[in-house]
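> sharing a model that was predicted from the sequence below.
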Amino acid sequence: MKNPVETAVVNTDEIGKRFFVVSAPSGAGKTTLCQNLLDRHPDAIRVSISCTTRKPRGEERDGVEYFFLSKSEFFERREAGDFLEWAQVHGNYYATSRSHVEDLVSRGYRVLFDVDVQGAEKIKAAYPAATLVFVIAPSRAELERRLRERKTDDPVEIERRLGNALGEMVLARIYDYIIVNDDVVEASEKLDAIVFGDAKPDREDGRRQLDRIIAEFENE
Ligand code: 5GP
């Protein structure tokens, strides 16, 4: 296996090239694809750990699931310009720390960001060389089936998530790559090729598929 400690990375462009942002509508299978990538390259890639003011739940540990900060620490870091993006969700604050992700790159890792479309736009604005990847289910019917199968949401919530999916997919037109998660093995290989491979998947094909699925949602 390649030594993960590579040459020191200095400028925004060089840092951004090591950043891979993955977003998806709920139910598209993003978590599985990201986990497969991490399992295949345990020494070469790390997930960006977000900062939050929410209290740890259950077994959550500081520096593992999140960096747990007090509100004053959070505001201080935000004032100091450490946050690439931040948001308030259900009364708690969340943010991506610039120093954390740059430290990962300086240690030789590629960094995987699991953020929504708004967060992805901000990361791309700060690091234009970052690669944005959007994962979609092969059809509206399949996304609906997966959401039902998870049995985590009631019918009203499933409808809400399907409605959100359309808005997210429209915004995903700015993404560099679209992965249609039809077959999980194939989709995992595509993500691997984007992050680690020399032969990248066809961008235009992904875009056509995205437009096809958006049209399907709009005609629903
Ligand atoms: P939870 O508290 O359940 O772990 O996360 C609540 C919400 O916060 C999720 O919707 C998650 O996507 C969002 N979130 C987690 N980390 C970040 C972050 O770094 N930035 C932003 N903008 N949202 C985040």
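That came through fine. Numbers count the residues shown, from 1 in each chain.
> how near is Lys190 to the ligand?
According to CB to the nearest ligand atom, to the nearest Å, Lys190 stands 23 Å off from the ligand. For glycine as for every other residue, the C-beta is placed from the backbone atoms N, C-alpha and C.
> list the contacts of the host helix or strand of that residue.
For Lys190, the enclosing helix or strand under DSSP states H and E is helix 184-196. The set of residues external to helix 184-196 that reach it, using CB atoms under 8 Å, 6 or more residues apart in numbering, is 20, 22, 29, 32-34, 36-37, 40-41, 44-45, 110, 112, 131, 133, 135, 177, 179-181, 199-201.
> show me where the protein has strands.
Remark: strands of the chain, listed N- to C-terminal, are 19-23, 45-47, 51-52, 67-68, 83-89, 92-97, 110-114, 131-136, 177-180; assignment by DSSP state E.
> in PDB, list the C-alpha atoms belonging to the fifth one.
The C-alpha trace of strand 83-89 is given here as PDB (Å, rounded to 0.1, in the frame of the first residue of the first chain):
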ATOM      1  CA  PHE A  83     -15.400  27.600   9.700                       C
ATOM      2  CA  LEU A  84     -15.700  26.800   6.000                       C
ATOM      3  CA  GLU A  85     -19.500  26.600   6.400                       C
ATOM      4  CA  TRP A  86     -21.900  26.500   9.300                       C
ATOM      5  CA  ALA A  87     -25.600  26.000   9.900                       C
ATOM      6  CA  GLN A  88     -28.100  26.000  12.700                       C
ATOM      7  CA  VAL A  89     -30.200  22.800  12.800                       C
END
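> still on that earlier bit, in TSV, list the strands of the chain along with distance to the ligand, mean pLDDT and mean neighbour count.
Putting the strands of the chain into TSV (distance: least, CB to the nearest ligand atom, whole Å; pLDDT from 0 to 100; neighbours: other CB atoms under 10 Å) gives the following:
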stretch	distance to the ligand	mean pLDDT	mean neighbour count
strand 19-23	10	98	25
strand 45-47	11	98	19
strand 51-52	6	98	20
strand 67-68	10	98	17
strand 83-89	3	94	17
strand 92-97	4	97	19
strand 110-114	8	97	20
strand 131-136	15	97	25
strand 177-180	19	97	24
